[in-house]
Each structure stands twice: as structure tokens, then as C-alpha cells.
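# Kindly return the folded structure for what I paste below:
(4 chains)
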Protein chains: 2
Amino acid sequence: MAELSAESGIPVATIKYYLREGLLPAGERTSPNQARYGEEHVRRLKLIRALVEVGGLSVATVREVVAAVDSDRAAYNVLGVAQRALTVFKAEVPADDREWAMGLLTSIAKEHGWKFGPDNPAADLLVGTLCTIRALGHQALLDQLGRYAEIADRIAEADLDTLEAGVSMDRIVEATVVGTVLGDRLFEGLRRLAQAAETARRYTEG
Amino acid sequence: MAELSAESGIPVATIKYYLREGLLPAGERTSPNQARYGEEHVRRLKLIRALVEVGGLSVATVREVVAAVDSDRAAYNVLGVAQRALTVFKAEVPADDREWAMGLLTSIAKEHGWKFGPDNPAADLLVGTLCTIRALGHQALLDQLGRYAEIADRIAEADLDTLEAGVSMDRIVEATVVGTVLGDRLFEGLRRLAQAAETARRYTEG
DNA sequence: CAGCATGGATAGTGCTGCTCTCCACTATGG
DNA sequence: CCATAGTGGAGAGCAGCACTATCCATGCTG
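As a prediction, this is how the structure comes out:
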């Protein structure tokens, strides 16, 4: 275990904590008080740290995510499982606001051929966010929703191409998770830089 | 204050806490133990809750953000101030990894005409995220970076159009903050739905 | 066989975001 | 004029989270 700690740079106490919390599978036992840890444990630890430090996920969420990574090796519907664990909207909004947002979202979805059930967490996030934006009175942002949706289609294409491109089947689940969590952060950063550049482009010669 | 609490749905104790923490400006005093709160206080409370609950910001970050909203009414360089408060990457990466990521980012930035200083928080976020993705061995995601950057340019255009469209000058700072924080969440949701749709499109008839 | 490391369990720590209690004071209804 | 309830303000308290430290029986190692 000291070796695993040295390799990953994570304190032994923290590794024990992750073991307890079920984020990291137990090592292969060689005796009642000895266990062997392999490459996959190092890999898993890196994934955990990435999700926690970069992705900002809670330990509880990471547990769900790695459970999905471990169980659903059928790759089929991976995205759904990952999304269910990763996307949550906790604040609550009035029912009639929800209805309005749902209507808006449904019309957008129809335009883009998106389908979702009533319990879809991404739809829930969107409905909540839309309501919040409206409550704050930023109509202009809502007016652009269609345009943003169009761009989202572009991104999704790129996302799926990424998965198809270079990922072996036994890592596709992990790639999906990384692509979702780190992909969000990546895009956040790119958007910020692009915003700054666009601002400069528009207002610099003034 | 009871009135303010009723109007906003936030407990009095919490409002006091926000006052103490400097998120909410003090009300107009009418006597040593009485103050009047106006429309702008309700508005500010809504903003705080939106940033905390939907945006997931910490109280400390919200303090910085509202400080920016209050001070920099010159609209000029608002984005920079908002970005500085909103974008942080805390995990650390080895110096040579950083260098590699910086090189990659610089070449992308050159292609897109993006400019940034060495202390730019968005660049920092990107460098850290790129290093993490590489450490996890997801090369495919890095290969798509140029494509993502292109899409980021599209989004930034939409973002700036949003600001120019319907926002009066005295709210442009708030609109920037909302557009950044809630805009990220909004886009997250759209991306998820689009991903699900794209997945269905590609793999359904199988 | 001495001594240190191991897996495992339990308790403790520091931080965050409230929440509760107390206080001196004052607006207000009777 | 006075009892009551509500106010702004300050301090302590509390629950949850992500660790971190301590302890222990065991067993491997020089």
C-alpha cells in the first residue's frame, strides 16, 4: 500500500478512506494483513482525483460514477448511467415556472430531434436553469436558446467522434465519464478565452 | 427584514449571515435598530441564491463576484473581473506537463486569434485540465481540441450578441455574471441532451 | 525475536454554510 | 405609559464533508 501511495502521490490514510467508501476496489489478498495492488488501482486513483479535483465532484458522486464504470461494461446506455450520476439540479422552482420551462425546452427539443423522458436529469437541470434565468430577468439569454442548442449539437457530434476515434472497448465507459466531466471543464475554459477574444475584437478600437 | 425574508423566501437568519459576509449591502437606516430594504435587495438575494444553488459557487466566491458587480460599473473589462473570480483551477500539475499543455494551448490560441497573459485564470484552468486528461491517457479528447476551440468561438459570438441585445447598461455587469455562471450550466444541459440524441442517432438501428 | 509495516476500525480535525441564542433597543397597540 | 413583539447585531453552535490521526492485532523481515 505504501507503494501504491508513492506511485499515486496520495497519502495512505486517504487511500484507506477511498477503500472504505468503495471508490477503490480492494487489492488482491496475499495474506490476512497484506494485499497486492496493480496498475488498475493506480489508474483508478488518478481517475478519482481527476473527478474530485478537476471535475469538482463529491466523493458520493464519484462512488456512483465508478460503480457505473465497473458494472456497465456493456457500453450500451453508458451515457445514460453516467449522466444520471453526473447531472443533478437540487434547487427547487415553482410548478408553473417548471411548466413554462418545460414547454420552451420541448419546442427546442422538437426542432433538434432530441428525445427525453420526464425524469431525464439533463432536462431537469435545464428546466431549473431556465427558470432561474427568467426569475433574474435575463430574457436576452433565453432568446438565444435556439442558437445555443444548435451549437450543442455540434459539440455532441465532436464528443461522439472522440469516443469512436481512439478508445478501445474496455475503456469506453471511462472515456465517456472523462469526456463528460473533464470535457465540461475544458469547454468552460475555451469559452472564457474565446469570450475575451471576441470582446477585444468588438470593443478594442474604441 | 421579515418582509424581505417573506419576499425572497430566505430565512431571516440566512439574510443576516449574507449581510455579515458582505454579500448583501446593508439596508437604508431609518433608526438605530430599523432599516428599509428595497427592490435591489430582493434582486441581489435572487442573484446570490442563483449563483450558490444553480452555479454551485461558494459564499466566498459570490462575495468576490458581487464586489465586482458593485464596483466595476464601468462595464469595461467586466468580463476579466468576472472571469478572475469565477474561474479557478486548484489542483497542481508537474512543471514539465504544464509546459507541454501551455505549448498546445498557445498554438490553438494563435489559430483563433486568442490572446492571454500568463496569469489568465481561464488559461490556467485549461492547462490543468489538459494535463489531467493526458495523465489519464485520453489522447482522443486532446486530438479534438481544435474542433472544440472552433465551437467555443461560435459560443462566444452568441454570448456577446446576448449582451448587446437586450441589456441596459446598468445591468450589463450582472448580465455578464449570469451569462457566465448560468450560461455554463445551461450549456451543460444542452450538451447532455444533444449527446443522448446523437448517440441514439448513431447506434439505434443496431 | 525485535521492530516496523499492514489492513482495518474508530475518532478527531478543519472548513463551510448556515442556524440558534442572546442582547440592547425601539416601534407600536392598548 | 407600558407590555409586547420585532429589529439589527454578535457569538456560539451544528451538521456535513473530506480527510487525517490514532490505535490495534497481526505478520513479515532482518
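
# Let me see the contact set for residue A:141.
A:133, B:162, B:175, B:178, B:179, B:182, B:183, B:186 (C-beta atoms under 8 Å, 6 or more residues apart in numbering or on different chains). From N, CA and C alone the C-beta is placed, and that goes for glycine too.

# and it, what are its phi and psi?
Per-residue torsions, residue A:141: phi -70, psi -40 (degrees, to the nearest 10).

# What average pLDDT does the one helix or strand residue A:65 maps to get?
Element membership for residue A:65 (DSSP states H and E) is helix A:59-71. Mean pLDDT, computed over helix A:59-71, is 91.

# After that helix, heading C-terminal, what element do we hit next?
Following helix A:59-71 toward the C-terminus (DSSP H and E): helix A:78-86.

# about what we covered before: any chance of the contacts of residue A:141 in a markdown table, with secondary structure and neighbour count too?
Shown next, in a markdown table, are these (DSSP: H, G, I helix; E, B strand; the rest coil; neighbours: other C-beta atoms under 10 Å in any protein chain shown):
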| residue | secondary structure | neighbour count |
| --- | --- | --- |
| A:133 | helix | 24 |
| B:162 | helix | 24 |
| B:175 | helix | 22 |
| B:178 | helix | 27 |
| B:179 | helix | 26 |
| B:182 | helix | 21 |
| B:183 | helix | 26 |
| B:186 | helix | 25 |
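
# For the residues you listed, name the two members farthest from one another.
The largest separation in the contacts of residue A:141, counting by C-beta to C-beta, is between B:175 and B:186 at 13.8 Å.

# any bit of the helix or strand harbouring residue A:159 sitting next to chain B?
Using DSSP H and E, residue A:159 maps to helix A:145-166. Yes: applying C-beta under 8 Å from any C-beta of the partner chain, one finds helix A:145-166 touching chain B at A:145, A:147-149, A:151-163, A:165-166.

# Selecting buried members of those in PyMOL, what would you type?
Buried residues among these (16 or more other C-beta atoms under 10 Å in any protein chain shown), as a PyMOL selection:
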select buried, chain A and resi 145+148+149+151+152+153+154+155+156+157+158+159+160+162+163
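
# Nearest residue to the residue nearest the centre of chain A in space, please, no chain neighbours.
What sits nearest the mean C-alpha location of chain A, by C-alpha atoms, centre = their mean, is residue A:181, with 3.2 Å. Spatial nearest neighbour of residue A:181, excluding adjacent residues (C-beta to C-beta, 6 or more residues apart in numbering or on different chains): residue A:55 at 3.9 Å.

# what about that neighbour, how many neighbours?
By other C-beta atoms under 10 Å in any protein chain shown, the residues close to residue A:55 number 23.

# contacting residues for it?
A:181, A:182, A:184, A:185 are the contacts of residue A:55 under C-beta under 8 Å, 6+ apart.

# Closest one to DNA strand C out of the residues you listed, please.
residue A:185 (18.9 Å; C-beta to the nearest atom of the strand).

# I'd say that closest one and residue B:129 touch.
Yes: counting by C-beta atoms under 8 Å, residue B:129 is a contact partner of residue A:185 at 4.8 Å.

# Does anything pack onto the helix or strand of chain A with the lowest mean pLDDT? Which helices or strands?
The helix or strand of chain A with the poorest confidence is helix A:78-86; it has a mean of 81 (mean pLDDT, DSSP states H and E). For helix A:78-86, the packing partners by 3 or more C-beta pairs under 8 Å, 6 or more residues apart in numbering or on different chains; DSSP states H and E come out as helix A:59-71, helix A:121-135, helix A:172-203, helix B:172-203.

# now do 10 Å
Counting contacts by 3 or more C-beta pairs under 10 Å, 6 or more residues apart in numbering or on different chains; DSSP states H and E, helix A:78-86 is packed against helix A:59-71, helix A:121-135, helix A:145-166, helix A:172-203, helix B:172-203.

# Can you tell me which of these is nearest to DNA strand C?
Nearest to DNA strand C, of those and by C-beta to the nearest atom of the strand, is helix A:59-71 at 11.7 Å.

# so that closest one versus helix A:78-86, what angle?
Interaxial angle, helix A:59-71 versus helix A:78-86 (axes from the mean of the first three to the mean of the last three C-alpha atoms, to 10 degrees): 160 degrees.

# Identify the residue nearest residue A:105 in space, chain neighbours excluded?
Using C-beta to C-beta, 6+ apart, the closest residue to residue A:105 is residue A:126 (5.6 Å).

# oh, I was asking about residue A:11
Nearest one to residue A:11, counting by C-beta to C-beta, 6+ apart, is residue A:5 at 6.4 Å.

# Enumerate residues external to the helix or strand hosting that neighbour that contact any of its residues.
Following DSSP H and E, one finds residue A:5 within helix A:2-8. By C-beta atoms under 10 Å, 6 or more residues apart in numbering or on different chains, the residues outside helix A:2-8 that reach it are A:10-16, A:24, A:27, A:35-39, A:41-46, A:48-49.

# again, only using 8 Å
A:11, A:12, A:15, A:27, A:37, A:41, A:42, A:45, A:46, A:49.

# so which of the residues you listed comes closest to residue A:138?
Among the contacts of helix A:2-8, and counting by C-beta to C-beta, the member closest to residue A:138 is residue A:49, at 35.9 Å.

# my guess is the closest one meets residue B:93, correct?
No: counting by C-beta under 8 Å, residue A:49 stays clear of residue B:93, with 11.2 Å between them.

# DNA strand C contacts on chain A?
A:1, A:2, A:3, A:12, A:16, A:19, A:20, A:26, A:27, A:33, A:34, A:35 (C-beta under 7 Å from any atom of the strand).

# how does it look with 10 Å?
A:1-6, A:12-13, A:15-17, A:19-20, A:26-37 (C-beta under 10 Å from any atom of the strand).

# could you pick out which of the residues you listed are near DNA strand D?
Among these, DNA strand D is touched by A:12, A:13, A:15, A:16, A:17, A:20, A:29, A:30, A:31, A:32, A:33, A:34 when using C-beta under 10 Å from any atom of the strand.

# just these that are near chain B?
Restricting those to those near chain B - C-beta under 8 Å from any C-beta - leaves none.

# Filter those down to the ones in strands?
Counted as lying in strands by DSSP state E, out of those, are A:29, A:30, A:31, A:34.

# Relative to residue A:28, how far out is residue A:17?
20 Å (C-beta to C-beta, to the nearest Å).

# ok, those two, which is more surrounded?
residue A:17 (14 against 11).

# Right, I'll call it a day here.
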